[in-house]
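Trainee: here is my input, please return the structure:
(one chain, ligands or ions: 1)
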Amino acid sequence: MGSSPDDDVNDDFSARRFVEHVSERVLVGALLALFIHQKESLIILALMTLLEPVFQKAVEAVGDILGWLRRLHHLRKLNCAPGYNAFIGHTVPLFKAVGKYPCTWDLFAFWSSAKAPKPVRVQIFTRHCVVIADPEPIKRVFNSNIKNYGKDTEFAYNPFLDILGTGLVTSEGESWKRQRGRISQALRMEILDDVVDIATRAVDRLCVKLEKIRGTGEEIELAEEFRLLTLQVIGEAILSLSPEESDEVMPNLYLPIMEECNRRSLEPWRAYLPNKEYFDHKDRVKKLNAYVIKLIRQRWKLKHSVTATPNADDSIDNPHADILDRVLADVPKSEYGPEVERQMCDEIKTFLLAGHETSAAMLIWTTWELAKAPEKMKIATEEAKKVYKNSEKKNKKTPSRDDLNGLEYIVGALKESLRLYSVVPVVTRKCLGDDYLGGEFIPKGTTVIISVQGVHHREDLWESAQAFEPRRFVGNETDETGNYSYLPFIQGPRNCLGQYLALLEARVVMANLLRKFKFTSSRETNGAKHTKMIPIAPADGIWFTVD
Ligand code: HEM
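Mentor: Predicted coordinates for the structure are as follows:
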């Protein structure tokens, strides 16, 4: 362990490469022999050609086994999480935690933060993992050595591939760069102005429902309401879907698909059981794809039927264009076809997934924490009233984005709920080449689990880490930019593309709800977190009465 981490990153040792080398030599040998014993050599060559796929698979298998043994050899030197079994690693404690407290994500957080800055070794079935909860190694994974850490699609995202496909979240390399560039353009500042109006209309619709039960003592379950609201916002921002269409398509097609994907992440066998649920899921995915592709086609046709000038399709003149319009504006006519449609369909579904449940979770936990603390609720409510009154004085129907910057405490509460509840509690990456993390050697092929919750709950990084304190973030941006101890949207080149949209939408929603209503928690079960789903949602909904 004397050499520096960077010396070892490019360590070329690969068992597979070695065996491949040998196979090339065998081929050359056979070619030479061809000139000496023609007949026999021809037979050997024919056999080798026929058996090549088998041979290659065998080579791969040997390489995989040697790689696995190598990982085992190196990772054995690391701190090992409790409950290890020589045959199946930590599978038993992790699966025992499913559906219980502390749940799987809590275990990752405890294990990693207890040993930080060192990584902790975890083995899930035969998969070798390390869990980290320290800003320094996390910065290396997300930023300074990002090329060495790929998305672990076959592990973490596998159950969600029906939705994510090859969209931005799962793509890599050049394809990711191209897509990220295109979508960042589409999410430019102008669309954020529209998000203020879209979110205002959505929260106004929720306010109508709340008005009906105001003062009656009747309960409302806000988690589901927030889910529908954030779907309406993202549906309108991406596709200009009307709230009615959003409420029709999403609960019938999209949400059941998401539910099944979520279940498959902890019960992987569901993806192979050909029962009714399996076929229903398959059918819904097909229908959702057809629905989204139809929307893309209609939009493309419309765009080109009204195009007056030959180059008009290369630009976006309408400042209120939705995200689909903006992305389509980048597609040259010559390139449009089924492949582009399929890719865009994945992109749109990715946005739906990435952009609604996370935002809904943030709204849920913020409302819950404020409802528990009347003095904090009072500060937030007064701030909301003040900002909206000031903007009304300027005769504005809705506050501008600048005006909304005055909602400092509410934004602090939203950011604090993302820290305390860590709605995305873990993010995983695959180590593509040998590296050092927290001073320990991490061999190629190891799965790196970044315990976002572990970092967010470390008492040495966050004073009174278990307390909800929005003021941490008021007038203090330092914890979010650069020191890698605040990671709800992760950091570095692959950070969340929708974070500004999410925080803007949420502050509009929170401010409008708080200035108009008083929320009182109506069930004991309200604070309980779901133990199986990511993003972290309430276990049994979240119920309030309103005055
Ligand atoms: C509170 C709300 C949100 C949270 C906590 C959140 C969290 C995250 C996290 C943790 C990642 C990194 C995932 C990984 O690398 O494995 C991510 C990526 C991403 N998020 Fe968000 N997100 C939120 C809202 C949104 C919204 C509203 C959108 C869309 C409008 C969005 C779009 C994306 C996209 C496209 C990526 C992939 C970026 C890339 O790989 O280049 N997110 N988000």
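Trainee: residues near residue 54, how many?
Mentor: A count of nearby residues for residue 54, using other Cβ atoms under 10 Å, gives 9. Every C-beta, even on glycine, is put in place using the N, C-alpha and C of the backbone.
Trainee: also residue 169?
Mentor: Going by other Cβ under 10 Å, the residues that sit close to residue 169 add up to 23.
Trainee: hmm, it is touching residue 352, no?
Mentor: No: applying Cβ atoms under 8 Å, one finds residue 169 not in contact with residue 352, separated by 11.5 Å.
Trainee: need the next SSE after the longest helix along the chain, C-terminal direction.
Mentor: The longest helix of the chain (DSSP state H) is helix 38-75. As assigned by DSSP states H and E, the chain's next helix or strand after helix 38-75 is strand 79-80.
Trainee: which residues does that next one contact?
Mentor: With Cβ atoms under 8 Å, 6 or more residues apart in numbering as the test, strand 79-80 has contacts from 115, 118, 119, 120, 121.
Trainee: sketch out the low-pLDDT regions of the stretch 301-450 of the chain for me.
Mentor: Scanning the stretch 301-450 of the chain for pLDDT under 70 picks out the ranges 306-319.
Trainee: what are the boundaries of the helices in it?
Mentor: Counting by DSSP state H, counting those that start in this stretch, the stretch 301-450 of the chain has helices at residues 323-328, 338-372, 374-393, 401-404, 408-421.
Trainee: out of those, flag the one nearest the ligand.
Mentor: Among the helices of the stretch 301-450 of the chain, the nearest to the ligand by Cβ to the nearest ligand atom is helix 338-372 (3.3 Å).
Trainee: please identify the buried residues of that closest one?
Mentor: Judged by neighbour count (16 or more other Cβ atoms under 10 Å), helix 338-372 contains these buried residues: 341-371.
Trainee: for stretch 155-171, same thing?
Mentor: 156-171.
Trainee: how far does that stretch sit from its chain's centre?
Mentor: The chain centroid and the centroid of stretch 155-171 are separated by 9 Å, computed with Cα atoms, centre = their mean, to the nearest Å.
Trainee: same check on stretch 108-122?
Mentor: Worked out by Cα atoms, centre = their mean, stretch 108-122 lies 22 Å from the chain centre.
Trainee: go on, stretch 104-124?
Mentor: The answer for stretch 104-124 is 20 Å, by Cα atoms, centre = their mean.
Trainee: was I right to think residue 139 contacts residue 487?
Mentor: No: using Cβ under 8 Å, residue 139 makes no contact with residue 487, being 10.2 Å away.
Trainee: neighbour-wise, which of the two wins?
Mentor: Counted by other Cβ under 10 Å, residue 139 and residue 487 do not tie: residue 487 has more neighbours, with 25 against 18.
Trainee: ok, the more buried one - contacts?
Mentor: Shown in contact with residue 487 (Cβ under 8 Å, 6+ apart): 138, 427, 450, 452, 455, 456.
Trainee: Three-state assignment for residue 463, please.
Mentor: Under the three-state scheme (DSSP: H, G, I helix; E, B strand; the rest coil), residue 463 adopts coil.
Trainee: ok, it - how many residues close by?
Mentor: 9.
Trainee: same question, the one 5 residues further on
Mentor: Counted by other Cβ under 10 Å, the residues lying close to residue 468 total 20.
Trainee: now residue 141
Mentor: Neighbourhood size, residue 141 [other Cβ under 10 Å]: 24.
Trainee: now the nearest residue to it once chain neighbours are set aside. Its backbone dihedrals?
Mentor: Nearest non-adjacent residue to residue 141, counting by Cβ to Cβ, 6 or more residues apart in numbering: residue 149, 4.9 Å away. Residue 149 adopts backbone torsions of phi -130, psi 110, taken as degrees, to the nearest 10.
Trainee: who's residue 149 bridged to?
Mentor: Beta-bridge pairing for residue 149 (DSSP bridges): residue 431.
Trainee: coming back round to it: and the buried residues of stretch 155-171 near the ligand, which?
Mentor: By Cβ under 6 Å from any ligand atom, the members of the buried residues of stretch 155-171 lying near the ligand are 168, 169.
Trainee: now, among the buried residues of stretch 155-171, which is nearest to residue 399?
Mentor: Taking Cβ to Cβ as the measure, residue 399 sits nearest to residue 168 out of the buried residues of stretch 155-171, at 30.6 Å.
Trainee: phi and psi next, for that closest one.
Mentor: Dihedral angles for residue 168 - degrees, to the nearest 10 - are phi -60, psi -40.
Trainee: need the contact list for the residue lying closest to it once chain neighbours are set aside.
Mentor: Excluding its sequence neighbours, the residue lying closest to residue 168 (Cβ to Cβ, 6+ apart) is residue 179, at 5.0 Å. For residue 179, the contacting residues are 167, 168, 171, 347, by Cβ under 8 Å, 6+ apart.
Trainee: quick one: the first one and residue 152, what's the gap?
Mentor: Here the criterion is Cβ to Cβ, to the nearest Å. By it, residue 167 lies 16 Å from residue 152.
Trainee: number of residues surrounding residue 483?
Mentor: Neighbours of residue 483 using other Cβ under 10 Å come to 13.
Trainee: got a list of what it touches?
Mentor: residue 135.
Trainee: over to it. Which of the three states is it?
Mentor: Following three-state DSSP, residue 483 is assigned to coil.
Trainee: phi and psi next, for whichever residue of the chain sits closest to the ligand.
Mentor: Here the residue of the chain nearest the ligand is residue 498; by Cβ to the nearest ligand atom that distance is 2.0 Å. Per-residue torsions, residue 498: phi -100, psi 10 (degrees, to the nearest 10).
Trainee: confidence score at it?
Mentor: At residue 498, the model reports a pLDDT of 91.
Trainee: hmm, it is touching residue 187, no?
Mentor: Yes: taking Cβ under 8 Å as the definition, residue 498 is a contact partner of residue 187 at 7.2 Å.
Trainee: show me what from this protein comes close to the ligand.
Mentor: Neighbours of the ligand within the chain, by Cβ under 6 Å from any ligand atom: 168-169, 180, 350-351, 354-355, 358-359, 362, 418, 423-424, 427, 488-490, 494, 496-498, 501-502.
Trainee: change it to 5 Å
Mentor: Residues of the chain lying close to the ligand (Cβ under 5 Å from any ligand atom) are 168-169, 180, 354-355, 358-359, 362, 424, 427, 488-490, 494, 496-498, 501-502.
Trainee: can I see the domain layout of the chain?
Mentor: Listed by automatic domain parsing, the domain ranges of the chain are 5-160, 165-422+457-546.
Trainee: can you redo these as JSON lines with distance to residue 437?
Mentor: Listed next are the domains of the chain as JSON lines, based on distance: least, Cβ to Cβ, whole Å:
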{"stretch": "domain 5-160", "distance to residue 437": "4"}
{"stretch": "domain 165-422+457-546", "distance to residue 437": "13"}
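Trainee: show me what counts as buried in stretch 130-140.
Mentor: Neighbour counts using 16+ other Cβ under 10 Å place 130, 131, 132, 133, 134, 135, 137, 138, 139, 140 of stretch 130-140 among the buried residues.
Trainee: same question for stretch 383-394.
Mentor: 383, 384, 387, 388, 391.
Trainee: closest one to residue 269 out of those, please.
Mentor: Distance to residue 269 across those (Cβ to Cβ) is lowest for residue 384, with 47.7 Å.
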